[in-house]
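1. Can you look at this prediction? I've put the sequence above it.
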Amino acid sequence: MEQAALTADVVETLNLPAYPDLGDVVSAVEEKYGKRLVFEEGTVESLGEGVTGQWLDTPSYGIVRYLRGAKAWSVHVVLHELSHILLGHKGRPLDGLIAGSFFSGIGKRNGVSWMCRAVDVPLDEAEAAAESLAFGLAQVLHATPMKEATKAERVFGL
Amino acid sequence: MIAVAFWILATVFAFRLYFVARWGSSTAFVAAIGIGVLGLFFTGVVLPEESIDAALGGVNFLHLVRNICVTCAVWLVREGIFAAYSPDDKYRVRFSHGPIAAGLGAVVITVPFLLQQFVPTTLSYVPENVQQLPVFIYASVYMGILALLAVSVLRICLRPQESLPVRVSSRVVAFGMAMVALASAEEIAYMTAMHIDVGGSFLHQVLYALFSPLFYGGVLLTSLGLGIPPLVKACRRLQLWDRVALVFLTATLGRAYWGLSRAAWLAGIASSFYDNCPSARLYEYVIRSSDHKVVLSGRSTPMLAGRVLDAVQARFDGGVGSLESVLPVKAPQ
């Protein structure tokens, strides 16, 4: 499926309200995920050089870590991690020692897996899909609410 | 100035007609602007007044037709503005808003005009004939009605408005109408001075010279004010500001951010003009900018591009409230 179509399809399944906020998106993802999500602000030290966000999947909940930056950007990082969850991606081996394909789920250590939004490497297929979905979600999130025109605006043809 | 007012009003009229035909926009003011254009056309900006008046009998009927057009246009502008700004329709029951009042206004202007001793076409019709009582009454009644209408529009235009484009438009119209009212009062003073022969010729000349800049300046400003909403609408529909910002950001940052080749960069600049969703591409720039600041090059952005990015980013950052305020940050127990 093309990325744009995949993005539209996933957004459609979320049943978001007309003009959702980030809280609505998080709730919809939690419902799909079947677990609670908690969010933590990360640092370059805790996330790693060149990494802007992480999703840690534990048996009982998910943790999304994001690097502090401009608000829109940090939200985008969060959306990227949420996109991995929505796309059903599995975690990458935590320490890179255990061989496994990107989607295999092998490499969970103590039930923890994670995914990064790495920006200093070319995006592979999963990262590209997650980034595309993140842009799609951002578009939904930043859609301008239809403000009811005032009487004067209607008469003036605005 | 009359020519400028005519062409501006004609352009606004053409835009308005286009919006009505293309997007089914509001038809308010279209008739007013159209009649205003006709009124200004009769001032001789395109065809000489003598030629038009000759077609009407060559006895200055053009003067009456023009004044009726202007009165009608201001009356319609007033109706449109009252319809827009009044909280309800109660104003409609007032006599001055009824079609009878409009018709009566036309009659009280026309009757004295018809009672005059007609003279051949002249470009200085009022100064040359104001000694005739019917001409004095005709011109004074016309100016008086215009002044009353203008003051009425001025007052309602000064009411608070929520929408910025409407507010700006109404203030410009208010200023224009204030000038029209002032010009009308000043013209009545001039005609009175001429009719009863008070004041010297210097005073007469000053009063005469003041009318045109005040009156047509007011018409010009009113035209500009009425042209603001369709202009804003066009900018919104065309997403003009987003396109300009996108072209600028692509030109200044496109190569650094996306590593584009020269050809791809030029194509990117060109495509920015007609992008289906410039807002989405601006968002990509905002994200890429932070990627660069936070994780990638750390390279500084040129000052002007940085300002444009800041302005765009402020839009995407949204209202008040931190990220933490909308995310469940507390770790589960």
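-> Structure's in. What do you need?

2. Quick check: the gap between residue B:63 and residue B:195.
-> Relative to residue B:195, residue B:63 is positioned 17 Å away (CB to CB, to the nearest Å). Where you see a C-beta, it was placed from the backbone N, CA and C, and this is true even at glycine.

3. now do residue B:148
-> Using CB to CB, one obtains 21 Å as the distance from residue B:148 to residue B:195.

4. for chain B, which spans come out with low pLDDT?
-> In the predicted model, chain B carries pLDDT under 70 at residues B:25-26, B:28, B:295-300, B:319-322, B:325-326, B:328-333.

5. which helix is the longest one in it?
-> helix B:201-238 (DSSP state H).

6. Does that one reach chain A?
-> Yes. Applying CB under 8 Å from any CB of the partner chain, one finds that helix B:201-238 is in contact with chain A at B:229, B:230, B:232, B:233, B:236.

7. Which of those ranks first by neighbour count?
-> By neighbour count, taken as other CB atoms under 10 Å in any protein chain shown, the most surrounded of those turns out to be residue B:229 (28 neighbours).

8. Neighbours of the nearest residue to it once chain neighbours are set aside, how many?
-> By the measure of CB to CB, 6 or more residues apart in numbering or on different chains, the closest residue to residue B:229 outside its immediate chain neighbours is residue A:156, 3.9 Å from it. For residue A:156, the number of neighbouring residues by other CB under 10 Å comes to 27.

9. same check, this time on residue B:241
-> Other residues within reach of residue B:241 by the criterion other CB under 10 Å amount to 14.

10. In contact with it: list those residues for me.
-> For residue B:241, the contact set (CB atoms under 8 Å, 6 or more residues apart in numbering or on different chains) comprises residue B:235.

11. Quick one: name whatever helix or strand follows the helix or strand hosting residue B:247.
-> Assigning secondary structure by DSSP states H and E places residue B:247 in helix B:240-258. Beyond helix B:240-258 in the direction of the C-terminus, DSSP H and E gives the next helix or strand as helix B:262-273.

12. and the angle from that following helix to helix B:240-258?
-> The directions of helix B:262-273 and helix B:240-258 differ by 160 degrees, with axes from the mean of the first three to the mean of the last three CA atoms, to 10 degrees as the criterion.

13. Show me what helix B:262-273 is in contact with.
-> Outside helix B:262-273, the residues within contact range by CB under 8 Å, 6+ apart are B:243, B:246, B:247, B:250, B:251, B:254, B:255, B:258, B:260, B:278, B:281.

14. If you count contacts, what does the strand or helix carrying residue B:138 end up packed against?
-> Residue B:138 is located in helix B:133-157, with elements delineated by DSSP H and E. Helices and strands touching helix B:133-157, by 3 or more CB pairs under 8 Å, 6 or more residues apart in numbering or on different chains; DSSP states H and E, are helix B:61-85, helix B:99-114, helix B:125-129, helix B:164-195.

15. Give me the buried stretch members for that helix, please.
-> B:135-154, B:156-157 (16 or more other CB atoms under 10 Å in any protein chain shown).

16. how many other residues sit next to residue B:1?
-> When neighbours are counted by other CB under 10 Å, residue B:1 comes out with 12.

17. Sorry, slip of the keys, the one I care about is residue A:56.
-> By other CB under 10 Å, the burial measure for residue A:56, its neighbour count, is 19.

18. Leaving out chain neighbours, which residue sits closest to it?
-> Across the structure, with CB to CB, 6+ apart as the measure, the residue nearest residue A:56 apart from its sequence neighbours is residue A:63 (4.1 Å).

19. quick one, the longest helix of chain B and helix B:133-157 angle?
-> With the same axes, to 10 degrees applied, the angle from helix B:201-238 to helix B:133-157 works out at 40 degrees.

20. tilt between helix B:201-238 and helix B:61-85?
-> Helix B:201-238 runs at 50 degrees relative to helix B:61-85, counting by the same axes, to 10 degrees.

21. Who are the packing partners of helix B:201-238?
-> Under the contact criterion of 3+ CB pairs under 8 Å, 6+ apart, the helices and strands touching helix B:201-238 comprise helix B:2-23, helix B:30-40, helix B:164-195.

22. Can you say which of those helices is nearest to chain A?
-> Judged by CB to the nearest CB, the one of the helices and strands packed on helix B:201-238 that comes nearest to chain A is helix B:164-195, at 4.5 Å.

23. Do the closest one and chain A come into contact?
-> Yes. Helix B:164-195 comes into contact with chain A (CB under 8 Å from any CB), by way of B:165, B:166, B:169, B:170.

24. In chain A, what helix or strand scores lowest on average pLDDT?
-> Taking mean pLDDT, DSSP states H and E as the measure, the helix or strand of chain A with the lowest value is strand A:113-118, at a mean of 58.
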